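Engineer: here is my input; please provide its structure:
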Amino acid sequence: MTCTTMAAVLLSIGISLAVSGFPALANDAVRLKRFFSVVDLDESQEISEWEYRSGKSVVFLTLDLIGNMTLEPNEMRMSPEGFKLLAGEDRVVDGEEFIGSEIGSFGAVDKNKNGEIDYPELSEYIAKYAD
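Structural biologist: Below you'll find the predicted structure:
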């Protein structure tokens, strides 16, 4: 599968998740497992850095329920402290902040630094910032 095809697949999945109101990064085991399986394109039970970065774009679009290309606290299931770290002074999160932030970066989630994220690593990391 080419990078363009994978990106299109991720985008279509993200749009369908957004339409269904699915909050991709909730601290809910069923939803988090579903997110993990959607992002794990090669079904290796580990998410590569490329898969993760592509998946974050889909997650952003999924969470942006209002459709204004920014995320507000009511669109994310994050603790107020976690949201403030991500949003900064303007109190909203744009796409660049969401994708490029150190909070939730691949390196921050890949706790054992093996170049892959497994489900326990993702689950543990998300729990730190969940509301």
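Engineer: for this structure, name the helix or strand with the lowest mean pLDDT.
Structural biologist: helix 3-19 (a mean of 42; mean pLDDT, DSSP states H and E).
Engineer: so after that one, what's the next helix or strand?
Structural biologist: Downstream of helix 3-19, the next assigned helix or strand under DSSP states H and E is helix 29-39.
Engineer: and that next one, what's its mean pLDDT?
Structural biologist: Helix 29-39 carries an average pLDDT of 83.
Engineer: distance from stretch 117-131 to the middle of the chain?
Structural biologist: The chain centroid and the centroid of stretch 117-131 are separated by 11 Å under Cα atoms, centre = their mean, to the nearest Å.
Engineer: in it, which residues are buried?
Structural biologist: Judged by neighbour count (16 or more other Cβ atoms under 10 Å), stretch 117-131 contains these buried residues: I117, D118, Y119, E121, L122, Y125, I126, Y129, A130. Every residue, glycine included, has its C-beta placed from N, CA and C.
Engineer: for it, which outside residues touch it?
Structural biologist: Stretch 117-131 is contacted by residues 25-27, 29, 32-33, 36, 45-47, 52, 77-80, 82, 103-104, 106, 108-112 when judged by Cβ atoms under 8 Å, 6 or more residues apart in numbering.
Engineer: so which of the residues you listed belong to strands?
Structural biologist: Within the contacts of stretch 117-131, residues falling in strands by DSSP state E are E46, I47.
Engineer: from the contacts of stretch 117-131, list the buried ones, please.
Structural biologist: 25-27, 32, 36, 46-47, 52, 77-78, 82, 103-104, 106, 109-110.
Engineer: closest one of the residues you listed to L63?
Structural biologist: L25 (7.3 Å; Cβ to Cβ).
Engineer: list the residues that contact I99.
Structural biologist: R53, K56, S57, F60.
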